[in-house]
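Trainee: have a look; sequence and predicted model below, questions after that.
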Amino acid sequence: MFISTLHSRDRYDVACNLLSLKDEYLVVIRHDADQIKQEVHFFIIRIAGLVLIISIFVVIGTMIVLEKMVITPILNLRLDLIAAGKSIYKNQEPPKFYSASTQRHDELGDVISAFIQMFTQIHQAITERQQAEDALRVEKEKSEQLLLNILPQAIAEQLKKQPGLIADRFEQATILFADITDFTGLASQISPTELVSLLNQIFSSFDRLAERHGLEKIKTIGDAYMVVGGLPKPRTDHAEAIADMALDMQQEIYRFKREDNKILNIRIGINTGPVVAGVIGLKKFSYDLWGDAVNIASRMESHGKIGEIQVSSSTYELLKHKYVLEKRGIVQVKGRGEMITYWLKSRQPTAVESQVKT
């Protein structure tokens, strides 16, 4: 038997010479492959479509799982990081983190837990630092206010910038000394606590007058009060400001009474001249004045009369056109000899006041 095959693109042929046919016949079998090819093609398409559909479902399922398990937590963590940064930058209360509502036991859960723990520690540290800074600022303000109660503001600022000796000369300043009369007798009638309380009330009222007139209180010594005009910031009307305060002090002291209901009174002395003002020492320092003009102002007070305001001739020259002054005459002043002094009575009435009186 002889068999041969021949195939082409579209068909498949088989030729067979059977011995039983004694070589008289040749059997040829032809098979057309077109139909099989189409079926194979359709089968491949169905398999590919099925694979594609399965792939799509797998991808979608994977994306859903990843979105829920990975992507959403990461996006929430990103939002939490932004919120944490704003909270720290603006010093706000801790925000509510989305990540905190997710309980995870994997690597991402460890990252979220570490982030929340780190933020809590940072926020706590910042809060404690802010509280410490606030407390320090309050104490600094108290210290500065205390310093301003001791020194003029300009001198306090200068002392903070350049610690050490501060001394300035002022060519023109007006100094006032005031003394409460019969203070010794008053002290024997009331207790020390009541005495100090009364002095505090009197001197506090004088402090308010000094602030109102733009003057600088220098110090109190026992029952004596010292104030100056024209420093540390120079002003041309320093004598007038001191004169106005002296007149107001006379009216203010009448508000206070002794234990026996007698009205208190004061003796005031004023002088104008050059002084040196500054701060000396390392401890318990204060702003003080030095110079002959200060000594003369003190003598004007001690050589004056109860209820009167005695001024020197230098002060008189600055006040004579705006105030009513009476010449006292020649006074023997300790350490200075003879001096001509004046009594300050009042401010001269204005033109309108004069017309009203007439």
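Mentor: Thanks, I have it.
Trainee: and stretch 37-52, what's buried?
Mentor: For stretch 37-52, a neighbour-count test (16 or more other C-beta atoms under 10 Å) marks nothing as buried. Placement of C-beta: from N, CA and C, glycine included.
Trainee: quick check: mean pLDDT of that stretch?
Mentor: The average of the pLDDT scores along stretch 37-52 is 84.
Trainee: tell me the confidence at S298?
Mentor: Per-residue pLDDT puts S298 at 90.
Trainee: same question, N149
Mentor: Reading off the confidence values, N149 has pLDDT 65.
Trainee: one more: the one 4 residues further on?
Mentor: As predicted, Q153 sits at a pLDDT of 67.
Trainee: distance between stretch 242-250 and the chain's centre?
Mentor: From the chain centre to the centre of stretch 242-250 is a distance of 38 Å (C-alpha atoms, centre = their mean, to the nearest Å).
Trainee: same check, this time on stretch 244-251
Mentor: How far stretch 244-251 lies from its chain's middle: 39 Å, per C-alpha atoms, centre = their mean.
Trainee: per-residue confidence for R11?
Mentor: In the prediction, the pLDDT value recorded for R11 is 58.
Trainee: what do you get for R212?
Mentor: R212 is assigned 92 on the pLDDT scale.
Trainee: and it, how close does it get to F206?
Mentor: Relative to F206, R212 is positioned 11 Å away (criterion: C-beta to C-beta, to the nearest Å).
Trainee: who has more neighbours, these two?
Mentor: Legend: neighbour count by other C-beta atoms under 10 Å for R212 and F206, higher for F206 (22 against 12).
Trainee: which residues in the stretch 151-300 of the chain form helices?
Mentor: All helices of the stretch 151-300 of the chain, identified by DSSP state H, counting those that start in this stretch, fall at 153-161, 183-187, 192-212, 238-253, 292-302.
Trainee: for stretch 123-141, C-alpha coordinates in CSV please.
Mentor: Backbone C-alpha positions of stretch 123-141 (Å, rounded to 0.1, in the frame of the first residue of the first chain) are rendered in CSV as follows:
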residue,chain,number,x,y,z
HIS,A,123,2.1,69.0,70.1
GLN,A,124,2.6,68.4,73.8
ALA,A,125,6.2,69.7,73.6
ILE,A,126,5.0,72.8,71.6
THR,A,127,2.2,73.4,74.1
GLU,A,128,4.6,73.2,77.1
ARG,A,129,7.0,75.5,75.3
GLN,A,130,4.2,78.0,74.6
GLN,A,131,3.1,77.9,78.2
ALA,A,132,6.6,78.5,79.3
GLU,A,133,7.0,81.4,76.9
ASP,A,134,3.7,82.9,78.0
ALA,A,135,4.8,82.6,81.7
LEU,A,136,8.2,84.1,80.8
ARG,A,137,6.5,87.0,78.9
VAL,A,138,4.2,87.7,81.8
GLU,A,139,7.2,87.7,84.2
LYS,A,140,9.1,89.9,81.8
GLU,A,141,6.2,92.4,81.6
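Trainee: buried set for it?
Mentor: With burial defined by 16+ other C-beta under 10 Å, the residues of stretch 123-141 counted as buried are H123.
Trainee: stretch 309-316 now?
Mentor: Residues of stretch 309-316 classed as buried by neighbour count (16+ other C-beta under 10 Å): I309, Q310, V311, S312, S314, T315, Y316.
Trainee: A helix includes the second one, no?
Mentor: No. Going by DSSP: H, G, I helix; E, B strand; the rest coil, the assignment for Q310 is strand, not a helix.
Trainee: give me every residue that touches the spatially closest residue to it that is not a sequence neighbour.
Mentor: If you skip the residues right next to it in sequence, Q310 has G304 as its closest partner in space, 3.9 Å away by C-beta to C-beta, 6 or more residues apart in numbering. The contact partners of G304, by C-beta atoms under 8 Å, 6 or more residues apart in numbering, come to R267, I268, G269, Q310.
Trainee: good, we can wrap up now.
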